[in-house]
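Q: Just a sequence and a predicted model for now, questions to come.
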Amino acid sequence: MDFEFSGKVKDLQGRVRAFLEEYVYPNERRYHDEIERNRWSPTRVVEELKPKARAAGLWNLFLPNDEHGAGLTNLEYAPLCESMGRSAMAPEVFNCAAPDAGNMEVLARYGTPEQKERWLKPLLAGEIRSCFAMTEPAVASSDATNIESSIVRNGGEYVINGRKWWSSGAGDPRCKIAIFMGKSDPAAEKHAQQSMILVPMDTPGVTIRRMLPVFGYDDAPHGHAEIIFENVKVPASNMLLGEGRGFEIAQGRLGPGRIHHCMRLIGVAERALELMCARVQKRVAFGKALAEQGTIRADIAESRMEIEQARLLTMNAAHLMDTVGNKTARGELAMVKVVVPRMTLRVLDRAIQAHGAAGVCDDFPLAAMWAHTRTIRLADGPDEVHREAIAKLELRKGLGARD
């Protein structure tokens, strides 16, 4: 691997960091205050900053094609995504937030011209938001073949029934479209039973039942919803790619989505370590600064080493995605999906400990960061699924060596 970034990427890195310093970090308090005043409405501060980011050429950076994005590879996008992960509000400011980023990739890759015009275009412009309706409360959704929701053809339309939850982003009033995964042919081969279809959120029969908290955080105005789909009828033209191709789309979506989560979490870990270092240099206990205590120094050193290891693993996975494809890089993708959230949680735990009681309240962002990071060990597949995939690949290597 060549770890030297191109001039283009270095320029973008500098511009993203400068934008964060000038506009994002100074407005984080305002962002949270606005949410507290009106939890389920878009914040004015983000809406004010989005045009600035777009005017600065820092918009839709995650998309790999020049037509809609910056034309960056996964490896080139990695340091930019990491910087965005340092602030809860930053990804949306740059129009690079989940789940919209993944949904835009789906539409860009698999959507028809009509679907792109109606839904991709306003998503690219940051005018609307979206959600991804896949996980279900009644089944173990870590095995997506368990999905029970139905997509049934009836003439020129499909009738959709199902109960979904953890549909992130559905609480935002700007969420206008859901990508829904369900079974269109339960009798088909195991991985050809599922389809994905576009469901406008204002379609009759779509009901947001409740918003789900994450360790007490409601993540407003984004939120994570439980949604009921009851005899929801949408045109047949809303089908993505074709019946029975839901797993194919999911694999195309989850590769970039998984590594984007990891890139952002490295930014979270960096921010946590910075906060920790700043705190321990200001606080005195037992006659000397906390920064002079051996245990604190050991925690700082361990955190730095673990961050660097996780970053290198993530960069390697991104490099392989770019050079040999997501399928060949599936082992490396599985590794970063396990390693990076665990690393970030350890760094956050040390930072919280160094802050004392202040670390577990909302005077600092550490508690919210921890709650969000813990969910990533479940999102896009739990650790157990990824470890199983890694083990299978290793066992195949062993068989090959004996042969």
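A: Done, it's in. Numbering: from 1, shown residues only.

Q: low pLDDT regions in the stretch 151-300 of the chain?
A: With pLDDT under 70 as the threshold, the stretch 151-300 of the chain has low-confidence stretches at 254-255.

Q: all helices of it, in order?
A: Counting by DSSP state H, counting those that start in this stretch, the stretch 151-300 of the chain has helices at residues 246-282, 294-323.

Q: any idea which helix or strand comes after the last one?
A: Which is helix 294-323. Proceeding C-terminally, helix 294-323 gives way to helix 330-355 as the next helix or strand, assigned by DSSP states H and E.

Q: Now do that following helix: distance to the chain's middle.
A: In terms of Cα atoms, centre = their mean, to the nearest Å, the gap separating the centre of helix 330-355 from the centre of its chain is 15 Å.

Q: after it, next one along is what?
A: Sequence order places helix 366-376 as the next helix or strand after helix 330-355, per DSSP H and E.

Q: Flag every buried residue along that following helix.
A: 366-373, 375-376 (16 or more other Cβ atoms under 10 Å). Where C-beta positions appear, they are placed from N, C-alpha and C, glycine not excepted.

Q: what's the helix or strand for Ala391?
A: Per DSSP H and E: helix 383-402 holds Ala391.

Q: Buried residues of that helix, list them for me.
A: By neighbour count on 16+ other Cβ under 10 Å, the buried set for helix 383-402 is 383, 385-386, 389-390.

Q: What is that helix packed up against?
A: Counting contacts by 3 or more Cβ pairs under 8 Å, 6 or more residues apart in numbering; DSSP states H and E, the secondary-structure elements packed against helix 383-402 are helix 330-355.

Q: by contact count, what packs against the helix it packs on?
A: Right, helix 330-355 is packed against helix 246-282, helix 294-323, helix 366-376, helix 383-402 by 3+ Cβ pairs under 8 Å, 6+ apart.

Q: what does stretch 352-364 contact?
A: The contact list for stretch 352-364, computed with Cβ atoms under 8 Å, 6 or more residues apart in numbering, reads 32, 275-276, 279-280, 283, 290, 296, 299, 351, 366-368, 370.

Q: still on that earlier bit, output the helix holding Ala391 as PDB, nothing but the C-alphas.
A: What follows is helix 383-402 as a C-alpha-only set of coordinates in PDB (Å, rounded to 0.1, in the frame of the first residue of the first chain):
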ATOM      1  CA  ASP A 383     -19.700  -9.000  15.900                       C
ATOM      2  CA  GLU A 384     -20.700 -12.600  16.000                       C
ATOM      3  CA  VAL A 385     -21.700 -12.700  12.300                       C
ATOM      4  CA  HIS A 386     -18.500 -11.000  11.200                       C
ATOM      5  CA  ARG A 387     -16.300 -13.200  13.400                       C
ATOM      6  CA  GLU A 388     -18.000 -16.300  11.800                       C
ATOM      7  CA  ALA A 389     -17.200 -14.900   8.400                       C
ATOM      8  CA  ILE A 390     -13.600 -14.300   9.300                       C
ATOM      9  CA  ALA A 391     -13.200 -17.800  10.800                       C
ATOM     10  CA  LYS A 392     -14.700 -19.400   7.700                       C
ATOM     11  CA  LEU A 393     -12.200 -17.700   5.400                       C
ATOM     12  CA  GLU A 394      -9.300 -18.700   7.700                       C
ATOM     13  CA  LEU A 395     -10.500 -22.300   7.700                       C
ATOM     14  CA  ARG A 396     -10.700 -22.400   3.900                       C
ATOM     15  CA  LYS A 397      -7.100 -21.100   3.800                       C
ATOM     16  CA  GLY A 398      -6.100 -24.000   6.000                       C
ATOM     17  CA  LEU A 399      -7.800 -26.500   3.800                       C
ATOM     18  CA  GLY A 400      -6.100 -25.100   0.800                       C
ATOM     19  CA  ALA A 401      -2.700 -25.300   2.400                       C
ATOM     20  CA  ARG A 402      -3.100 -29.000   3.200                       C
END
